[in-house]
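>>> what follows is a protein structure lacking sequence information:
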């Protein structure tokens, strides 16, 4: 396995700084044994358990901070030959950099390591998860923020948000939370709120933020 330098990226904004608690994309080559891929049509396998596992398809990822004693495995969200998605361990809060390596645990138990690659750690990297707005008219301008309405329906061109509605947005990089879940685990209720309150504007107008934290039952931030 080989991780491409500079390609450990926030999976919402795709910027090179990553924050603990966020979902991150690690890009490279030979990041898994192709024979272990189950969903060959899709081209990648996703974790189907909660919390996210520390190994998926015999692939694991380690974050190390030399001189601090920090060496922690990252929960794995999805794997393919060219990209691994993980959640950055909460233990990296307060750090500015870490060494990342991918480990393939072969069938005979002999691990194969990638060369370590540096990742920049930041306390906050706010960015919306987005979609391309499939099904929208040709004149619609994307990308569109991933969002649900108050009935938990996906907001789309066919189901748009309306002024005065309460909507749920999905975000990366909002920093530390109260009642912090375990690595890879979802929040059990609505008490895992962010310690810093974000400001959100829609169409240039300030929105009222009713909640900011880890989404109940999901290991991702919700506003």
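Nice, I can see it. Remember, it's a predicted structure, so these values are computed and weren't measured experimentally. Residues are numbered from 1 along each chain as shown.

>>> so where's the protein uncertain?
Within the chain, the ranges that satisfy pLDDT under 70 run 106-108.

>>> list the buried residues in stretch 93-100.
Buried positions in stretch 93-100, judged by neighbour count with 16 or more other Cβ atoms under 10 Å: 95, 98, 100. From N, CA and C alone the C-beta is placed, and that goes for glycine too.

>>> tell me the one among the residues you listed nearest to residue 150.
For the buried residues of stretch 93-100, the minimum distance to residue 150 (Cβ to Cβ) is 37.8 Å, reached by residue 95.

>>> circling back to that earlier point, mind putting the buried residues of stretch 93-100 into TSV with secondary structure and distance to residue 116?
Output for the buried residues of stretch 93-100, formatted as TSV (DSSP: H, G, I helix; E, B strand; the rest coil; distance: Cβ to Cβ, whole Å):
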residue	secondary structure	distance to residue 116
95	coil	15
98	strand	9
100	strand	7
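
>>> now render the residues you listed as TSV, adding distance to residue 156.
Formatted as TSV, the buried residues of stretch 93-100 follow (distance: Cβ to Cβ, whole Å):
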residue	distance to residue 156
95	39
98	38
100	36
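
>>> ok, those vs residue 69, which is closest?
For the buried residues of stretch 93-100, the nearest to residue 69 is residue 95 (11.7 Å; Cβ to Cβ).

>>> so that closest one sits against residue 65, correct?
Yes. Using Cβ atoms under 8 Å, residue 95 makes contact with residue 65 at a distance of 5.3 Å.

>>> so who does the spatially closest residue to residue 61 that is not a sequence neighbour touch?
Take residue 61 and drop its neighbours on the chain: the residue closest to it by Cβ to Cβ, 6 or more residues apart in numbering is residue 74, 4.4 Å away. Shown in contact with residue 74 (Cβ atoms under 8 Å, 6 or more residues apart in numbering): 54, 60-63, 86-89, 183.

>>> what's the local residue count around the closest residue to residue 94 other than its chain neighbours?
In this structure, residue 94 finds its nearest non-sequential neighbour in residue 123, 7.9 Å apart by Cβ to Cβ, 6+ apart. Here the count is done by other Cβ atoms under 10 Å, and residue 123 has 16 residues near it.

>>> measure residue 123 to residue 96 for me?
9 Å (Cβ to Cβ, to the nearest Å).

>>> give the buried residues for stretch 182-193.
Result for stretch 182-193 [16+ other Cβ under 10 Å]: buried residues 183-184, 186-187, 192-193.
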